[in-house]
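**Student:** give me the fold of what follows.
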Amino acid sequence: MENFIDAGPSSALAEKQKLVVTVGVHSVALVRVGGRVYGVDNRCPHRDGELGFGDLDGFHLFCPLHAWVFDVRDGRGFFPKGAEVACFEVKEEGGRLLVATRGVKPSQTGNWP
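**Tutor:** This is a model prediction of the structure:
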């Protein structure tokens, strides 16, 4: 069973906004799209750009350094294809954001939504 860390109040993350939190040893970018909160590794695999400071367009989160683009729903790269970042499960309970302590990359599972 996955462990979760309290990452703060749900109210800290408005629709179409981003928030960077520390979960254990991981820096995680949280975004709210369509009322749901998604969590991805905050570090772009290309040059370590902080994704949480990049632009968000729908479900696409852009690296602020070189515009690599990742889908926040599954961590898969839109540009370039084949790139990926880990995703972190996020729950909202009692007005709090709870983030899984471990991320999973798309290539590690065949059960992505």
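**Student:** who's in contact with the helix or strand hosting residue 92?
**Tutor:** Element membership of residue 92 [criterion: DSSP states H and E] is strand 90-93. By C-beta atoms under 8 Å, 6 or more residues apart in numbering, the surrounding residues in contact with strand 90-93 are 4, 10, 30, 37-39, 97-100. All C-beta atoms are positioned from the backbone trio N, CA, C, and that covers glycine.
**Student:** change it to 7 Å
**Tutor:** Outside strand 90-93, the residues that touch it by C-beta atoms under 7 Å, 6 or more residues apart in numbering are 4, 10, 30, 37-39, 97-99.
**Student:** which of these fall in strands?
**Tutor:** Among the contacts of strand 90-93, the ones falling in strands (DSSP state E) are 4, 30, 37-39, 97-99.
**Student:** so the closest residue to residue 66 other than its chain neighbours, which of the three states?
**Tutor:** Closest residue to residue 66 apart from its sequence neighbours, by C-beta to C-beta, 6 or more residues apart in numbering: residue 46 at 6.0 Å. Using DSSP: H, G, I helix; E, B strand; the rest coil, the structure places residue 46 in coil.
**Student:** got the contacts of strand 90-93 as a markdown table, with distance to residue 79 and pLDDT columns?
**Tutor:** As requested, the contacts of strand 90-93 are arranged in a markdown table below (distance: C-beta to C-beta, whole Å; pLDDT from 0 to 100):
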| residue | distance to residue 79 | pLDDT |
| --- | --- | --- |
| 4 | 31 | 96 |
| 10 | 31 | 97 |
| 30 | 22 | 98 |
| 37 | 24 | 98 |
| 38 | 18 | 97 |
| 39 | 21 | 97 |
| 97 | 28 | 98 |
| 98 | 31 | 97 |
| 99 | 26 | 97 |
